[in-house]
Every structure is written in structure tokens, then in C-alpha cells.
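In: Sharing a sequence plus its predicted fold:
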Amino acid sequence: MSAQPHVALRIDSVSVRSGDRARLAGVSLDIAEGEVVGLFGPNGSGKSTLLGVISGELVPTSGEVALAGTPIYGMDPLTRARTRAVLGQDNPSIFSFQVREVVAWGRHCWRGRPEATDDESIISESMAAFDVTALADRVLTQLSGGERARVHLARVAAQRAPVLLLDEADSHLDLVGRAHVDALVNSHQARGGTCIVISHDLPRLATVADRIVLLAGGTVLASGTPAEVFTARQIAQAYGVGEPEAQRLLTGQIT
């Protein structure tokens, strides 16, 4: 019998309220080391709220989140940064930093630790992986949107945190940019890392994710393989549409 994978991330009865509105209501999930989980659901379903709680940037009204068995809210900022990396759809690009400086931000949390001895090689490797080596001395604000996106992908890759959180990081990217996001997910998993991906792109989630978590109204409506979750009945329930319309969303997307 094969050993069960270790739990990288435990979400226990997490609720978030804003006034009278429940943004999350009693969400519980265990995510294993090396697992890629896709978060999917309509706007306002709680996806970004849940990712904010997991990252430690949003404190829940009730419940706990533990990374590798340690409650994230008890971690100091540097420990938290060494434990999880976050990439959203909007990233800082207003200051005149050179590309290599921006990628090096990913290594700041490792300063003074043995891992810092590999900083230069990791920075160079990450820049090469996302094809920004030739841009090393360019100023970030002078780059195209796609080039800036690749720089931030390289930054997050250089961070080498075991848990990677992507909040619609593909939303403003073309097909090539989305392929770079998928490459980041694949390389992270290949190193044994855990990844949570929010995206509205069902075909890509079905390709990169081991498991899909479907959220609706701040709760988990379904959790399972892409084929188990991406069904007309469940999509119709989550989005409040008829099954024929839900089926049209799914046609040709799940084999």
C-alpha cells in the first residue's frame, strides 16, 4: 500500500463576513503536497477571498488555515513568504526597477539563511525559464504588458515557496502568456510543490489541475477530478442557469 501524501495546506471551517454578507461560509479543505488544485466558480463565489485567507493577507471571521501544520496567522511575514508565494492579475509596475532587481525580490525572504547561497543561480534560472534574461537591464515600466507578466512569473518562481497561489494570473495574457503560467505550475509541481490556481478557463484548468474545487455562494459545491466536477448539472447549479446553457459552456472542453 502506497503512503498517503502529506497535507501541505489545511483549511478548517473558514468563514469570512463583511457586514451581513457571508463571503465564505464554513469552508474546509485538505490539499496535499504536490497537488495542483483549480478553484472555479462564478464571480462573487468566494474564490479570491479564499485565496486571500490562505495567503494570510485576509484574516477570517472564524476558522483556521495551516501551512505544513503551522497556523499561517502565527507566522511572521518573512516566514510566510518562505512558505507561500502569491501572484495575482495586477502586479506592481509603476517604479523604475530593472528586470533583474524585480526577479530578485523573490529571494529577499531567504536573506541570512543557508538557502541564500543559491540566490544568483536561482534568479538566473528563473529568468531563463520565462525568457527574460535578455531584458535583465531593462526598466520594468518600459516593457510591454506580456514582458512584465513574464518578469513577475520569474519573480514568483525564484521565491521557491512550497505553496504557490495564482489568482487569475492568466486573465490579461494571450495564449503565449498563458502557456508561461502553465509552465510555472508544471515546474512547481515537478519540484514537489503545491499549487492553487484560480481561472475562468475551464479547458486549461482541466489540463493543469489534479482536482477542481467548485465554489458557489461562499461554500464548496463540489470537489473532485475535472471530469467529476465539470458537469452540466453542477455548473448549472453554481451559475444559476439551465443545464442546456451549462452544457454549451462545457461542450468540447472536457473529454
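Out: That came through, no problem. Numbers count the residues shown, from 1 in each chain.
In: Strands of the stretch 101-250 of the chain, start to end?
Out: Along the stretch 101-250 of the chain, the segments classed as strands by DSSP state E, counting those that start in this stretch run 163-167, 194-198, 211-216, 219-224.
In: Can you tell me which of the ones you listed is most buried?
Out: Neighbour counts (mean count of other Cβ atoms under 10 Å) averaged over each of the strands of the stretch 101-250 of the chain peak at strand 194-198, with a mean of 26. All C-beta atoms are positioned from the backbone trio N, CA, C, and that covers glycine.
In: just checking, what packs against it?
Out: Helices and strands in packing contact with strand 194-198 are listed as strand 7-18, strand 21-32, strand 36-40, helix 47-55, strand 163-167, helix 175-190; criterion 3 or more Cβ pairs under 8 Å, 6 or more residues apart in numbering; DSSP states H and E.
In: of all those, which lies closest to residue 125?
Out: helix 175-190 (10.0 Å; Cβ to Cβ).
In: What residues of the closest one count as buried?
Out: 177-178, 180-181, 184-185, 188-189 (16 or more other Cβ atoms under 10 Å).
In: Output the strands of the stretch 101-250 of the chain as a markdown table; include the columns mean pLDDT and distance to residue 152.
Out: Formatted as a markdown table, the strands of the stretch 101-250 of the chain follow (pLDDT from 0 to 100; distance: least, Cβ to Cβ, whole Å):
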| stretch | mean pLDDT | distance to residue 152 |
| --- | --- | --- |
| strand 163-167 | 95 | 11 |
| strand 194-198 | 95 | 15 |
| strand 211-216 | 95 | 25 |
| strand 219-224 | 94 | 29 |
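In: which stretch among those comes nearest residue 95?
Out: Of the strands of the stretch 101-250 of the chain, the one closest to residue 95 (Cβ to Cβ) turns out to be strand 163-167, at 21.7 Å.
In: roughly how far is the closest one from the heart of the chain?
Out: The chain centroid and the centroid of strand 163-167 are separated by 2 Å under Cα atoms, centre = their mean, to the nearest Å.
In: Please name every helix or strand in contact with that strand.
Out: helix 47-55, strand 84-88, helix 175-190, strand 194-198.
In: by how many degrees do that strand and helix 47-55 diverge?
Out: Counting by axes from the mean of the first three to the mean of the last three Cα atoms, to 10 degrees, strand 163-167 points 160 degrees away from the direction of helix 47-55.
In: May I have the strands that pair with strand 163-167, each with its orientation?
Out: Next to strand 163-167 in the sheet, as set by DSSP bridges, lie strand 84-88 (parallel), strand 194-198 (parallel).
In: Please identify the one among the ones you listed that comes closest to residue 20.
Out: Closest of those to residue 20 is strand 194-198, at 25.3 Å (criterion: Cβ to Cβ).
In: Check the offset of that closest one from the chain's centre.
Out: Worked out by Cα atoms, centre = their mean, strand 194-198 lies 4 Å from the chain centre.
In: same check, this time on stretch 52-59
Out: How far stretch 52-59 lies from its chain's middle: 13 Å, per Cα atoms, centre = their mean.
In: got it, and stretch 125-132?
Out: With Cα atoms, centre = their mean, you get 19 Å for stretch 125-132.
In: contacts for it?
Out: Contact with stretch 125-132 is made by 99-100, 103, 106, 133, 136, 147, 150-151, 153-155, 157-158, 180, 183-184, 187, as judged by Cβ atoms under 8 Å, 6 or more residues apart in numbering.
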